[in-house]
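> sequence? don't have it. structure:
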């Protein structure tokens, strides 16, 4: 009997030892698991003026890069949060507004969704590395959200149902973006949850299914009635505000939004000289620009290049250049330059002559001769071929410095519509 009792006691002791060993293994496993998991923590700051209970409308999400582990938490009333039990790895952290609990009706705070560290798109989010341990200071300062809205209209005579194939997109230099599909019946649209900033708004055209795939014959536009992002009028959204009336009427035929008048580049306005041209910057860029030079508004035969050589027929006439731009699906557009008057020659000119006594202190005068038509004159006197400073009148008083020198005068004739002409007199030597 005593032997039986001894064996029973030994068995109990062995079982107790086994249980203790198993408990130790479990404890060790839990400790090992705890050592392999980490946490992400930080502080969320609400927009200025928001009460602490609004933290209940904020959710912090973490997701492991590549998928797998995800978790979420609501910040405490002081904005702090902590998400634990995360295996080693790299994580993205998102801060979003969610409906407030126990609200009737349910209200979602008007905050912008953002990703750590303060970006608006998941693809731009920084990765929080938990490879070596937990991460702290993963903070966020939330911003008020704003709304952009308007209406999309399909041009008359086109299929109004094509609005179903339109998507409105808006993006800002700050990295924020959003998109919306207009209401099929009214064309109204609304983009919400956007941070303050200046936005490019695009009305893009895709396909839609309505008993079959439909491809609307419409041109993609940008606000305000242009066809490229660089020409778009930016829409400014204020913080916690709205921008409405951002409308568009889409068509299958576009128009040039910039059609500058060409500029005639001048060299000399004389027969045989060549006029050049600059077309300016057309928007959008034309597939082709053609040229037509005109004389007093009438097309000059064969003058269809970017340059034009002046002929005798152009004398006294106004020359203009008309450029015409073409682009597929766009209305052809023309623009005409300012006119350039090609001057005529004087029908009669004369060489001036110097009259008067060639002696120091005496006054010399100019005889201009007969000019037709009558011009206005200007004068410049010279001493041995060099300009005499201040000697710009029709008379000149001989100075001591002129002794032994040759004096001459140049007369310049000007008249609107006529070629400016300069004539120089014969030289007169002043005796010593």
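Everything's here; your move. This structure is a prediction, so every number in the text was calculated from the model and none was measured. Numbering: from 1, shown residues only.

> what does stretch 119-138 contact?
Defining contact as C-beta atoms under 8 Å, 6 or more residues apart in numbering, one finds that stretch 119-138 is touched by 38-42, 62, 65, 86-94, 112-117, 174-177, 195. Every C-beta, even on glycine, is put in place using the N, C-alpha and C of the backbone.

> swap in stretch 411-429?
269-270, 316, 341, 343-346, 349-354, 358, 364, 366, 368, 371, 373-380, 404-410.

> C-terminal to the helix or strand harbouring residue 378, what's the next element?
Following DSSP states H and E, one finds residue 378 within strand 376-383. Scanning the chain past strand 376-383 towards its C-terminal end, the next helix or strand to appear is strand 386-387 (assignment: DSSP H and E).

> Could I get the full set of strands for the stretch 101-250 of the chain?
In the stretch 101-250 of the chain, the segments counted as strands under DSSP state E, counting those that start in this stretch are 114-115, 128-129, 140-141, 146-154, 166-172, 177-180, 188-194, 197-205, 208-209, 213-214, 221-222, 235-237, 242-243, 248-250.

> export those to TSV and tack on distance to residue 296?
Shown next, in TSV, are those (distance: least, C-beta to C-beta, whole Å):
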stretch	distance to residue 296
strand 114-115	66
strand 128-129	76
strand 140-141	69
strand 146-154	45
strand 166-172	49
strand 177-180	55
strand 188-194	53
strand 197-205	45
strand 208-209	55
strand 213-214	53
strand 221-222	40
strand 235-237	47
strand 242-243	50
strand 248-250	40
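
> circling back to that earlier point, buried ones in the strand holding residue 378?
For strand 376-383, burial by neighbour count (16 or more other C-beta atoms under 10 Å) applies to 379-383.

> List the contacts of that strand.
So strand 376-383 is in contact with 366, 368, 387-388, 391-394, 396, 401-402, 405-415, going by C-beta under 8 Å, 6+ apart.

> which of these count as buried?
Among these, those buried by neighbour count (16+ other C-beta under 10 Å) are 366, 368, 388, 391, 394, 396, 402, 405, 407-411, 413, 415.

> Would you mind checking which of those residues is nearest to residue 241?
Minimum distance to residue 241 across these is 63.6 Å, recorded for residue 415 (C-beta to C-beta).

> Give me the below-cutoff pLDDT ranges for the protein.
In the predicted model of the chain, residues 1-35 satisfy pLDDT under 70.

> Domain map for it?
Under the assignment automatic domain parsing, the domains of the chain span 36-141, 146-250, 263-341, 353-429.

> Surely residue 280 is in contact with residue 256?
No. The pair formed by residue 280 and residue 256 falls short of the contact definition of C-beta atoms under 8 Å, at 11.3 Å.

> quick one: which of these two has more around it?
For residue 280 and residue 256, the more surrounded residue by other C-beta atoms under 10 Å is residue 256, and the numbers stand at 21 against 13.

> From the centroid of the chain, which residue is nearest?
In the chain, the residue lying closest to the centroid (C-alpha atoms, centre = their mean) is residue 230, at 4.0 Å.

> Please tell me how far it sits from residue 284.
Taking C-beta to C-beta, to the nearest Å as the measure, residue 230 and residue 284 are separated by 10 Å.

> What of residue 68?
If you measure residue 68 against residue 284 using C-beta to C-beta, the figure is 47 Å.

> Give me the more crowded residue out of the two.
The neighbour count for residue 68 versus residue 284, taken as other C-beta under 10 Å, is higher for residue 284 (19 against 9).

> I'd say that one and residue 255 touch.
No. Taking contacts as C-beta under 8 Å, residue 284 lies outside contact range of residue 255: 9.9 Å.

> so what sits against both of those two?
Common neighbours of residue 284 and residue 255, using C-beta under 8 Å, 6+ apart, are residue 330.

> how about the strands in the stretch 301-432 of the chain?
Defined through DSSP E, counting those that start in this stretch, the strands belonging to the stretch 301-432 of the chain, from first to last, are 308-309, 318-326, 333-336, 340-341, 353-355, 363-367, 376-383, 386-387, 395-397, 406-414, 421-424, 428-429.

> Now residue 201: closest residue in space, sequence neighbours ignored.
Take residue 201 and drop its neighbours on the chain: the residue closest to it by C-beta to C-beta, 6 or more residues apart in numbering is residue 223, 4.1 Å away.

> tally of neighbours for that neighbour?
Other residues lying near residue 223 total 21 when counted by other C-beta under 10 Å.

> how much space between it and residue 107?
Going from residue 223 to residue 107 by C-beta to C-beta gives 31 Å.

> repeat for residue 37
Taking C-beta to C-beta as the criterion, residue 37 is separated from residue 107 by 35 Å.

> What of residue 213?
From residue 213 over to residue 107 the distance is 40 Å, taken as C-beta to C-beta.

> who's more crowded, these two?
Comparing residue 213 with residue 107 by other C-beta under 10 Å, the one with more neighbours is residue 107, at 12 against 9.

> show me the residues around the closest residue to that one other than its chain neighbours that make contact.
The shortest distance from residue 107 to any non-neighbouring residue, by C-beta to C-beta, 6+ apart, is to residue 100 (5.3 Å). Taking C-beta under 8 Å, 6+ apart as the criterion, residue 100 is in contact with 54, 56-57, 106-109.

> what about residue 100, helix or strand, and which?
Element membership of residue 100 [criterion: DSSP H and E] is none; it lies in no helix or strand.

> Excluding chain neighbours, what is closest to residue 402?
For residue 402, ignoring the flanking residues on the chain, the nearest one in space by C-beta to C-beta, 6+ apart is residue 430 at 4.4 Å.

> just to revisit the earlier point, filter the contacts of residue 100 down to just the ones in helices.
With DSSP state H as the criterion, helices contain none of those.

> Could I have the PyMOL command that selects the buried members from those residues?
Here is the PyMOL selection string for the buried members of these, based on 16+ other C-beta under 10 Å:
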select buried, resi 54+56+57+109
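
> Report the two of the contacts of residue 100 separated the most.
54 and 106 (14.1 Å).

> For residue 189, see how far away residue 273 is.
As defined by C-beta to C-beta, residue 273 lies at a distance of 58 Å from residue 189.

> And those two? Which one has more around it.
Under the neighbour definition other C-beta under 10 Å, residue 273 and residue 189 were set side by side, and residue 189 has more, 23 against 13.

> wait, isn't the more buried one in contact with residue 170?
No. Taking C-beta under 8 Å as the definition, residue 189 is not a contact partner of residue 170, at 10.2 Å.
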